[in-house]
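*Asks:* Here's a sequence, model it:
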Amino acid sequence: NNNKQQQQQQQRQAAAQAQAQASARSSQPQTPVTGSPSINSRRVAAVFNPEEEEEVQQAKKRKVKLITYSAEEALKVGLDPEEEKRNTLKKLAEMIPTKKELLFSYDVDWEIVDYQFIAKHVRPWVCNKVKELLGTEELSLVGFICEQILQTKSPGTLLDNLRRILDEEAEVFVVKLWRLLIYEVEAKKLGIKN
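*Replies:* Purely as a prediction, here's the structure:
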């Protein structure tokens, strides 16, 4: 009980200290307790629950709309079009969730995904990864994976199907595959890739 009380006391002191530091940094008045949580109270909560803060940051990243410039617009404002394209692709990659749960719940625009899209953007990666994992080109497995994507199977279903073949590597493979799929779909939607 004494340890528990000491822990609670330390937590209260840390929260009070964080609140005092946050108020010293901010010249804005505090939001009343009855209103929405203030930035300071969210910071305090983040100290005790860092996973929640990370999920909030991930959600914020997904809401960002990328600003892209055409080659002509980039030249007008003094930007290198290729550099602008690289920056946009980098930002796009950063926006894609890395946590399996968030990634697997991402809403893929399936209207973009067709046979040509898979052949150009997904199949080469799948071929290389399967060869890397199994040591040989397994064209039937590559075809199966691509067909599952064309049939808009969920990543969870794909993972279940691949566990029998890839064992413990299946989850990492499907996570990377799904990130690639989302990246290529979003890049095509932005007109960066065709």
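*Asks:* so what's residue 162 up against?
*Replies:* Contacts for residue 162 were tallied using Cβ atoms under 8 Å, 6 or more residues apart in numbering; they are 145, 170, 173, 174. Using the backbone N, CA and C atoms, a C-beta is placed for each residue, glycine as well.
*Asks:* what does the model give the second one for pLDDT?
*Replies:* Looking at residue 170, its pLDDT reads 96.
*Asks:* and residue 140, how many neighbours does it have?
*Replies:* The criterion is other Cβ atoms under 10 Å. On that basis, residue 140 has 8 neighbouring residues.
*Asks:* Out of the contacts of residue 162, name the ones that lie in helices.
*Replies:* 145, 170, 173, 174 (DSSP state H).
*Asks:* show me where pLDDT drops low in this protein?
*Replies:* 1-79, 81, 194 (pLDDT under 70).
*Asks:* try it again with 80
*Replies:* Residue ranges of the chain with pLDDT under 80: 1-82, 84, 192-194.
*Asks:* Please, where are all the strands along it?
*Replies:* In the chain, no segments count as strands under DSSP state E.
*Asks:* quick revisit: ok, so of the ones in helices among the contacts of residue 162, who is nearest residue 137?
*Replies:* Nearest to residue 137 among the ones in helices among the contacts of residue 162 is residue 145, at 13.0 Å by Cβ to Cβ.
*Asks:* ok, which pair from the contacts of residue 162 is furthest apart?
*Replies:* 145 and 170, at 10.9 Å, using Cβ to Cβ across these.
*Asks:* Who has more neighbours out of those two?
*Replies:* The neighbour comparison of residue 145 against residue 170 (other Cβ under 10 Å) goes to residue 145, with 26 against 18.
*Asks:* mind listing what's buried in stretch 144-151?
*Replies:* 145, 146, 148, 149 (16 or more other Cβ atoms under 10 Å).
*Asks:* about what we covered before: let me know the closest of the ones in helices among the contacts of residue 162 to residue 129.
*Replies:* For the ones in helices among the contacts of residue 162, the nearest to residue 129 is residue 173 (6.2 Å; Cβ to Cβ).
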